[in-house]
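Student: this one's sequence-less:
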């Protein structure tokens, strides 16, 4: 099927039609992104800074670029002027580095805090208890060029739907627990980024407000 047909079928399958679709366009050519754009998609996710920076000037200016990969501190400057949302902020040092780059260009950068919810150790993210403690620290009070608008999590890669559901539900609970705290002004918690091509139905049922989907739109990738 074409990209347009894939998108139509995908949107029709959404449990929550208001959930934001982020088309994961990593490794895909500009032509494929334009095809999705012409079908109405405006949010695209990339996991490599260089690839995002190269694609950005070649595509319509109203595209909202999402950095969904692991971000290195020394590469923030290349996307800071235009990135819409950084999904994978997994440490205080990285958050402070994003804040520093935002200050340089006088731009407030929107971020999600990535929480480690999976059973696999190779995934990045904050420890839940650590996060609940550190968000009220002076370090967060000092941030004035970032805006933390929610949380992001990646479930365990498994066929056991109960494990996946439990992990997504846990992230939703954590979000609600954070909202009950006296958080610094840097927090405007409203987004929950969880769910990909294989588990977006479960994620939406457990409260996801944005899903990151690539192969169901663009087809399998060739690396």
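Tutor: Thanks, I have it. What you see is a predicted model, and the numbers here were worked out from it, not measured in a lab.
Student: which ones are touching the residue lying closest to residue 145 once chain neighbours are set aside?
Tutor: In this structure, residue 145 finds its nearest non-sequential neighbour in residue 102, 3.2 Å apart by C-beta to C-beta, 6 or more residues apart in numbering. Bear in mind the C-beta positions are built from the backbone N, C-alpha and C, glycine included. Counting by C-beta atoms under 8 Å, 6 or more residues apart in numbering, residue 102 touches 80, 108-109, 145-146.
Student: and residue 102, how close does it get to residue 149?
Tutor: Residue 102 sits 14 Å away from residue 149 when distances are taken as C-beta to C-beta, to the nearest Å.
Student: thinking again about what came up before, out of the contacts of residue 102, which sit inside strands?
Tutor: Counting by DSSP state E, those place 109, 146 in strands.
Student: hmm, residue 58 and residue 30 touching each other?
Tutor: Yes. The criterion here is C-beta atoms under 8 Å, and residue 30 meets it with residue 58 at 5.1 Å.
Student: so for the two, which sits in the more crowded spot?
Tutor: Taking other C-beta atoms under 10 Å, residue 30 and residue 58 do not tie; residue 30 has more neighbours (13 against 10).
Student: does the closest residue to residue 92 other than its chain neighbours belong to a helix, a strand or coil?
Tutor: Nearest residue to residue 92, sequence neighbours excluded (C-beta to C-beta, 6+ apart): residue 139, at 5.8 Å. Put simply, residue 139 is helix when judged by DSSP: H, G, I helix; E, B strand; the rest coil.
Student: can you count the residues close to residue 139?
Tutor: By the criterion of other C-beta under 10 Å, residue 139 has 14 neighbours.
Student: let the chain start at 15 from now.
Tutor: Sure thing, new numbering starts at 15, so read that last one as residue 153.
Student: report pLDDT for it.
Tutor: What the model reports for residue 153 is a pLDDT of 91.
Student: so it sits right up against residue 110, yeah?
Tutor: Yes. Between residue 153 and residue 110 there is a contact at 7.3 Å, judged by C-beta under 8 Å.
Student: please name the nearest non-neighbouring residue to residue 182.
Tutor: That would be residue 220: by C-beta to C-beta, 6+ apart, it lies 3.9 Å from residue 182.
Student: separation between the one you found and residue 38?
Tutor: Distance of residue 220 to residue 38, computed by C-beta to C-beta: 20 Å.
Student: likewise for residue 26?
Tutor: Taking C-beta to C-beta as the criterion, residue 26 is separated from residue 38 by 19 Å.
Student: look at those two and report which has more neighbours.
Tutor: For residue 26 and residue 38, the more surrounded residue by other C-beta under 10 Å is residue 38, and the numbers stand at 25 against 8.
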